[in-house]
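Undergrad: Next comes the sequence, and after it the predicted model I'd like to discuss.
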Amino acid sequence: MRFLGVDLAWKPRNPSGVVALEGTRFPLRLIDGPRTLPTHAAVLDWLASAGPRPATAIGIDAPLLGLDCARGRRDCDDEVSRLFGRFAASVHSLSAFRDMLQCFAGQLDARCAGADLCPESPAGPGPAVIREVYPTALQVHLFDLDRTPGRTKHAYKRHRFGSKGEWVARGLGPFIEQCIRVIEERRYVARDPAWQALVRRRPRADAQGRALKAIEDGWDALLCALAVALEHLDRGVMRAYTGAGPGAWRRGYILAPVLSPASVRSGATRRACVGRRPGNTGTSTPMAPGAAGGAHGHTGGEGGSVPRPS
């Protein structure tokens with residue numbers, strides 16, 4: 001099986017991160033990337049060239065379904081924000097990027113003919129399956145954030161740091177170190193020459209901003225590929241978050257980790273206290289969509305990705 005990851009840029013002419021893993025069990029082999037492609041058109045060429053064999057699952061960090069939602073947010077965006085907001089991993093509205101996303105989704109349907117976006121369809125012989133994934137939420141599983149109350153995602157996007165040196169020292173560098181540690185400890189990827197070459201490619205403060213952004217995009221793409229690999233090879237770790245009702249996935253879904261029962265209970269308790277005042281025993285005041293965890297969407301920096309929290 002092949003597992004492809006795409007960290008889609010939020011502008012069609014900006015670089016996107018891509019990666020390909022292969023194998024039928026962990027550890028997987030790194031067979032392409034992580035690297036960046038210069039445009040959405042190049043990403044579509046890369047995906048189309050993958051072909052139908054072997055069985056292929058593609059994880060793309062971008063909204064792909066439900067893009068005509070009237071309020072600019074889908075039910076799945078609200079659901080993920082509700083559950084993952086306490087990890088600082090809420091989802092922002094897609095309104096500002098709707099036209100770009102609709103264009104990409106239409107071209108994806110044309111170039112990857114027959115590809116299946118239904119989250120219940122496993123990868124197999126024939127056209128690829130495609131998932132909308134959310135690498136920021138994957139941090140919850142990778143770093144066991146739901147095991148200890150109060151832990152949040154590791155912030156590593158450029159705009160959160162005052163200088164490039166601070167970004168490398170406190171953001172991107174430590175994030176990559178954590179990813180390497182977990183991937184090697186859990187044997188998600190084989191420690192072969194391709195992996196060793198990636199591990200040696202550490203971010204440096206004296207590197208150009210574009211080079212650092214390419215490293216960031218590559219690791220985001222790797223997490224996208226890991227998300228669909230975990231879905232297929234470690235059942236029960238990932239699930240599709242959707243709205244309610246039959247066929248709700250057609251209005252949008254996000255593949256993200258399954259939270260521990262204790263974490264879900266903790267989040268429910270915390271939400272029940274929101275908006276209460278002394279003596280107020282009524283129901284909680286719901287937060288606005290995406291408010292959980294504050295404003296965590298990133299604007300893309302040098303290249304940028306689709307409106308996802310950093």
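TA: Structure received. Computed from a prediction, not measured in an experiment: that's the story for all the values here.

Undergrad: Scan this structure for its longest helix.
TA: helix 209-233 (DSSP state H).

Undergrad: how about low-confidence regions in the chain?
TA: Low-confidence segments of the chain (pLDDT under 70): 51-52, 262-310.

Undergrad: try it again with 90
TA: Along the chain, the model assigns pLDDT under 90 to residues 50-54, 70-71, 92-96, 113-114, 125-127, 148-149, 260-310.

Undergrad: how about the helices of it, start to end?
TA: Along the chain, the segments classed as helices by DSSP H run 40-49, 75-84, 98-111, 135-142, 164-166, 173-185, 193-200, 209-233, 261-273.

Undergrad: Adding mean neighbour count and distance to residue 245, write those helices out as TSV.
TA: Bear in mind the C-beta positions are built from the backbone N, C-alpha and C, glycine included. Shown next, in TSV, are the helices of the chain (neighbours: other CB atoms under 10 Å; distance: least, CB to CB, whole Å):
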stretch	mean neighbour count	distance to residue 245
helix 40-49	17	30
helix 75-84	24	9
helix 98-111	16	22
helix 135-142	25	23
helix 164-166	14	46
helix 173-185	16	36
helix 193-200	13	42
helix 209-233	24	22
helix 261-273	13	21
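
Undergrad: What's the separation between residue 252 and residue 62?
TA: The span separating residue 252 from residue 62 equals 11 Å under the rule CB to CB, to the nearest Å.

Undergrad: which residues do these two both contact?
TA: residue 132 (CB atoms under 8 Å, 6 or more residues apart in numbering).

Undergrad: wait, which of the helices of the chain is closest to residue 129?
TA: Residue 129 lies closest, by CB to CB, to one member of those: helix 209-233, at 8.0 Å.

Undergrad: okay, the angle between that closest one and helix 135-142?
TA: 60 degrees (axes from the mean of the first three to the mean of the last three CA atoms, to 10 degrees).

Undergrad: Helix 209-233 versus helix 173-185: what angle between them?
TA: Computed by the same axes, to 10 degrees, the angle between helix 209-233 and helix 173-185 is 30 degrees.

Undergrad: chain center to helix 209-233: distance?
TA: 8 Å (CA atoms, centre = their mean, to the nearest Å).

Undergrad: so what's residue 184 up against?
TA: So, once contact is read as CB under 8 Å, 6+ apart, residue 184 ends up touching residue 191.

Undergrad: And it, how close does it get to residue 178?
TA: Distance from residue 184 to residue 178, counting by CB to CB: 11 Å.

Undergrad: Same check on residue 246?
TA: 39 Å.

Undergrad: Residue 222 too?
TA: Remark: distance between residue 222 and residue 178 (CB to CB) = 13 Å.

Undergrad: and what of residue 115?
TA: On the measure of CB to CB, residue 115 and residue 178 end up 32 Å apart.

Undergrad: All good on my end, thank you.
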